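In: next one to model:
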Amino acid sequence: MAAKKSRKESSKTKKSGVGFKRTSALLIGGVLGFFAGTSQEFVQKHVGMPSHSSSIYSVSAPAGCPKQDSIRVRESYVVSYDARTRNPYWVYEYITQDNLSGESSRENSKFREDPTIPEQHRSTLRDYRGSGYDRGHLAPAADHRHSQQAMDETFYLSNMSPQVGKGFNRGYWRLLEERIRKVAKENIGVHVVTGTLFLPKGEKNGERYVQYPVIGPNDVAVPTHYFKAILVESSDGTAVSSGWVLPNEEIANNTPLQRFEKSIEEIERLSGLVLFPSDAAEPLERVAQR
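Out: From the prediction side, this is the model:
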């Protein structure tokens with residue numbers, strides 16, 4: 001039996017023809033509208049969409065099956081909302097120079113509940129009030145200056161997660177977002193997946209536990225970590241990826257970003273997602289270090 005090609009080997013085969021073979025069918029129709037500024041050929045070859053299933057199940061049940069309606073397609077991003085933790089599970093963006101240019105201002109935007117999320121599953125403004133945590137954007141407002149509506153939609157609480165403020169949301173995390181925008185300006189565009197993680201921590205007795213605080217009357221979970229994974233679309237049509245996992249805690253601004261660098265495969269293992277389903281990206285080129 002022939003050995004399966006690694007992602008690095010696959011990235012060198014420009015005409016792979018893989019398309020959306022591992023992409024959730026629920027996402028494709030809504031997401032293709034994002035790609036007016038990029039070639040669909042590139043998207044189909046390199047990107048796909050984050051997915052943890054490629055099958056659609058049909059089950060005969062008199063009362064119907066439990067419903068999980070988690071995907072929301074906005075003007076400039078897609079969010080998968082986790083109703084259990086009241087957090088985004090993942091957020092997908094495609095960032096270009098055009099997205100980053102415009103007169104939109106976050107001063108005209110307001111944090112608000114997401115009316116498309118069932119009330120019993122929402123996070124609310126009250127949850128964050130006095131919690132000690134910031135309402136941290138997963139799709140940053142500054143990524144979407146081209147349209148006031150697009151920027152406004154980043155202020156839905158379904159795009160927010162409780163983040164440590166000083167030294168993280170207002171510090172190191174913000175610097176990483178700025179670095180990715182710089183990469184987007186220097187290339188055709190950058191596909192970005194950002195998500196929440198709840199990772200185990202070892203105890204003195206040798207056992208490991210997943211422990212995290214919750215905030216507010218709706219018990220909004222505070223993630224232990226966040227990840228970002230990027231796929232850079234260069235002018236020659238190739239794709240290069242990088243990824244990071246950062247703890248939700250104060251981080252000194254002079255901490256080398258390489259300390260948090262993870263392979264796409266490792267982020268997939270931690271998150272349970274398939275981030276770039278085409279397997280065509282060369283991992284860890286460290287493009288965001290430039």
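In: residues touching Phe155, list them.
Out: Neighbouring residues of Phe155 by CB atoms under 8 Å, 6 or more residues apart in numbering: Arg106, Ser109, Lys110, Phe111, Arg112, His137, Ala141. C-beta: built from backbone N, CA, C; applies to glycine.
In: who's in contact with the fifth one?
Out: The reference is to Arg112. Neighbour list for Arg112: Leu125, Phe155, Tyr156, Leu157 [criterion: CB under 8 Å, 6+ apart].
In: show me which of the contacts of Phe155 is closest to Val164.
Out: Closest to Val164 out of the contacts of Phe155 is His137 (14.1 Å), distances taken as CB to CB.
In: how close does the residue nearest to Leu246 when sequence neighbours are not counted get to Ala139?
Out: In space, and not counting its chain neighbours, Leu246 is closest to Phe260: 5.0 Å by CB to CB, 6 or more residues apart in numbering. Going from Phe260 to Ala139 by CB to CB, to the nearest Å gives 20 Å.
In: which one of those two is surrounded by more residues?
Out: Remark: of Phe260 and Ala139, Ala139 carries more neighbours, 27 against 19, as counted by other CB atoms under 10 Å.
In: ok, the more buried one touching Thr194?
Out: Yes - between Ala139 and Thr194 there is a contact under CB atoms under 8 Å: 7.0 Å.
In: what is in contact with these two at once?
Out: Contact criterion CB under 8 Å, 6+ apart; residues bridging Ala139 and Thr194 by contacting each: Val91, Glu93.
In: could you pull up phi and psi at Arg129?
Out: phi -60, psi 120 (degrees, to the nearest 10).
In: ok, it - contacts?
Out: Arg129 makes contacts with Gly216, as judged by CB under 8 Å, 6+ apart.
In: for the protein, which segments count as strands?
Out: Per DSSP state E, the chain carries strands over the ranges 71-73, 77-82, 87-95, 134-137, 160-163, 189-197, 201-202, 208-209, 214-215, 220-221, 225-233, 239-247.
In: given the first one, what are its sheet partners and their directions?
Out: Strand 71-73 pairs in its sheet with strand 77-82 (antiparallel), by DSSP bridges.
In: kindly report the same for the fourth one.
Out: Paired with strand 134-137 in the same sheet, following DSSP bridges, are strand 160-163 (antiparallel).
In: residues making contact with the partner strand?
Out: With contacts defined as CB under 8 Å, 6+ apart, strand 160-163 is touched by 87-88, 111, 123, 128, 131, 133-138, 169, 173, 196, 215, 220-223, 226, 248.
In: is it true that the residue nearest to Leu246 touches Trp244?
Out: Yes - the criterion here is CB under 8 Å, and Phe260 meets it with Trp244 at 4.5 Å.
In: avg pLDDT for the longest helix anywhere in the chain?
Out: Longest helix in the chain by number of residues (criterion: DSSP state H): helix 173-186. The average pLDDT for helix 173-186 rounds to 96.
In: kindly report the same for stretch 194-202.
Out: The pLDDT scores in stretch 194-202 average 96.
In: check which residues of it are buried.
Out: Using 16 or more other CB atoms under 10 Å as the test for burial, stretch 194-202 gives Thr194, Gly195, Thr196, Leu197, Phe198.
In: out of those residues, flag the one nearest to Arg145.
Out: If you rank the buried residues of stretch 194-202 by distance to Arg145 using CB to CB, Thr194 comes first, at 17.9 Å.
In: just give the nearest non-adjacent residue to that closest one, would you?
Out: Nearest residue to Thr194 in three dimensions, chain neighbours excluded: Leu138, at 4.5 Å (CB to CB, 6+ apart).
In: give the phi and psi angles for that neighbour, as a check.
Out: phi -90, psi -40.
In: pLDDT below threshold where in the chain?
Out: Scanning the chain for pLDDT under 70 picks out 1-49, 51-61, 69, 278-290.
In: all helices of it, in order?
Out: Counting by DSSP H, the helices of the chain are 7-11, 25-31, 40-42, 97-100, 125-128, 148-153, 173-186, 264-271.
In: nearest to Asp236, of those?
Out: helix 40-42 (10.9 Å).
In: how many residues are close by Asp98?
Out: 13.
In: and the one 4 residues further on, by the same measure?
Out: Taking other CB under 10 Å as the neighbour definition, Gly102 ends up with a count of 14.
In: tell me the contacts of it?
Out: Per CB under 8 Å, 6+ apart, neighbours of Gly102: Arg145, His146, Ser147.
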